[in-house]
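Enquirer: return a 3D structure for these sequence lines:
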Amino acid sequence: MTILVVLWWLFFMTAVGLCVGSFLNVVVYRLPLGLAISKPVWSFCPNCHNRIAWYDNIPVFSFLRLRGRCRNCWQPIAPRYAVVEILTAVTVILLFDAFFIAHVRDGFHGASDLSWRLAEDWPIFLAHIILFTSLLAMSAIDLQFYWVDIRFTHFAAICGVILHTIWTPHHSRAWTRPFDGTAVTTAAAFAAFACVWIVIQLLRRQDARDPLDPQDQPQPDPEIGRARDARTLPVLLPLVLFVALLVTVGADELNRPLMPFAARTTLVLAFLFSVILYEASHVRESDAEIVEAIESEAPDARKRTLAELAALSPGLIAGVAALLLYLRTPDTASVINEWVHWQPLRSDWRPLWGMSTAISGYVIAASIGWFIRILANLVLGKEAFATGDIHMMAAAGCVLGWQVVLIGFMLTCFLAVAAWVALLPFKKTHAIPLGPWLWIGFLTTTVFYKYLVNTQLVNNMTDAANVLIFQTSQATSSQGVS
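Expert: Numbers count the residues shown, from 1 in each chain. Alright, predicted model coming up:
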């Protein structure tokens, strides 16, 4: 029975990953072209534009059965579609392995039964799947067009808040959660940021064109989706790697380990790194266009950065005011503590505590990103860190926690620089699409979190951050968890 349970969950997670990957292909293809995701509702061939029948649209299987060609026009279809589906399934299995097999993150249920573990912690697992598949789609677009669609990050952040609000069982107290003072500070800052954002959007909408106007969007590669394009990837290698991952994960859960978690995960992450490196190695028109755009906007970069700082100031003021009110009025602090840990229905469910976990992660991670952007732009006098990347960091902080974002960003910088050096013989560009490296940096930090936080460097970094961000709140709060 145990074998059947493990096989069932591996099959289910694989099916989820492949189906989500198939949908991501629709998103990655249509958004840069300015096409609606829901019109038409069916998939079509990128060559002849005929509708693809459901039996020819089964992820990976149909691609292999038709030998990578369209049944209607018999023209080749790029292997990248099948590769994206496999990479999405790999991401889902990596997270499943890390959380429920290897137990690399505190806060998950430790029951011996796999189904029970999933039943207890499905909300936070689903939040991770939504986040990393959204980042994967953003990365695929960013690689080709240097364009980040923040609708992905908004969706992932909203789902993160909702699912964190649901997920507050007793064992989840080991998850990194904010102190009560931090919760009220970040909630006030978030509310102020939201109000400013709404006002800015309303002002922009008054004279903005259609957001899907092709003139406002990156122009697609004329050869997108064509297998004749030399920039496509083979399917068999990632498929074999994925099958090997499934076998080793299943064997580990059945207490018959074939490969340690660290070894199999490192192998898969190294492959993901190589895929990104391969795709980034090709010279595209967008490489020169993004550099030209950055240089043309450089004279006004500092002015725009100061304007951004002014727009952020209401949130900073609101956060500081809320913290001072919390610290200097014990009665107010007591009421806030009760509200944060409010438990309806006499259960372990603390919805406001869960919500504050997501919001504090979002605000602190976004603050880290904005600090880097403002400092870099003012020092260099040109855009050195895009706002889309900040949105990616904020959404990741909402789901993963600000600690993962901080560590993951440092790892991302190392990976991006290593990739830039490796790509020098193939292309010379001063711009790097950071989205793919943020994706793999956050994914690596998530699956290796327990290993990374035990290193001396990360311990020192975390201690310093705790002193700067949480020490005052800890002195006045006895119910929060660090």
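Enquirer: and Leu258, that one's in a strand?
Expert: No - counting by DSSP: H, G, I helix; E, B strand; the rest coil, Leu258 falls outside a strand, being coil.
Enquirer: dump the residue contacts of it.
Expert: Counting by Cβ atoms under 8 Å, 6 or more residues apart in numbering, Leu258 makes contact with 247-248, 251-252. Glycine gets a C-beta too; all of them are placed from N, C-alpha and C.
Enquirer: which of the residues you listed fall in helices?
Expert: 247-248, 251-252 (DSSP state H).
Enquirer: most neighbours among the contacts of Leu258, please name it.
Expert: In terms of neighbours by other Cβ atoms under 10 Å, the contacts of Leu258 top out with Thr248 at 22 neighbours.
Enquirer: that one touches Thr265, doesn't it?
Expert: No - Thr248 is beyond contact range of Thr265, at 9.7 Å (criterion: Cβ atoms under 8 Å).
Enquirer: pull up the per-residue confidence for the residue lying farthest from the centre of the chain.
Expert: In the chain, counting by Cα atoms, centre = their mean, Asp331 sits farthest out from the average C-alpha position, at 39.0 Å. Here, the pLDDT recorded for Asp331 equals 82.
Enquirer: so it, which of the three states?
Expert: Applying three-state DSSP: Asp331 is helix.
Enquirer: make 57 the first number, not 1, from now on.
Expert: Noted, 57 is the first residue going forward, which turns the last one into Asp387.
Enquirer: and it, how close does it get to Phe441?
Expert: Using Cβ to Cβ, to the nearest Å, Asp387 is found at 42 Å from Phe441.
Enquirer: how about Ile415?
Expert: 23 Å.
Enquirer: return the helix or strand in this protein with minimum mean pLDDT.
Expert: For the chain, using mean pLDDT, DSSP states H and E, the weakest element among its helices and strands is helix 527-532, scoring a mean of 45.
Enquirer: let me know how buried Ala92 is, in neighbour terms.
Expert: 10.
Enquirer: so between Ile415 and Phe441, which is more surrounded?
Expert: Comparing Ile415 with Phe441 by other Cβ under 10 Å, the one with more neighbours is Ile415, at 25 against 19.
Enquirer: tell me which element that one falls in.
Expert: For Ile415, the enclosing helix or strand under DSSP states H and E is helix 407-436.
Enquirer: what is that helix packed up against?
Expert: Helices and strands touching helix 407-436, by 3 or more Cβ pairs under 8 Å, 6 or more residues apart in numbering; DSSP states H and E, are helix 207-222, helix 236-261, helix 357-384, helix 386-396, helix 443-456, helix 458-479.
Enquirer: any idea of the mean pLDDT in it?
Expert: When the per-residue pLDDT values of helix 407-436 are averaged, the result is 93.
Enquirer: quick one: the helices in the stretch 107-256 of the chain?
Expert: 117-121, 136-152, 170-201, 207-222, 236-261 (DSSP state H, counting those that start in this stretch).
Enquirer: which residues does the shortest one contact?
Expert: In this case it means helix 117-121. Against helix 117-121 from outside (Cβ under 8 Å, 6+ apart): 111-112, 133, 135, 137-138, 291.
Enquirer: need those residues in CSV with pLDDT and neighbour count, can you?
Expert: Putting the contacts of helix 117-121 into CSV (pLDDT from 0 to 100; neighbours: other Cβ atoms under 10 Å) gives the following:
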residue, pLDDT, neighbour count
Tyr111, 84, 10
Asp112, 80, 17
Ile133, 80, 23
Pro135, 85, 18
Tyr137, 87, 26
Ala138, 90, 28
Val291, 83, 19
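Enquirer: what is the nearest of these to Val391?
Expert: Tyr137 (54.5 Å; Cβ to Cβ).
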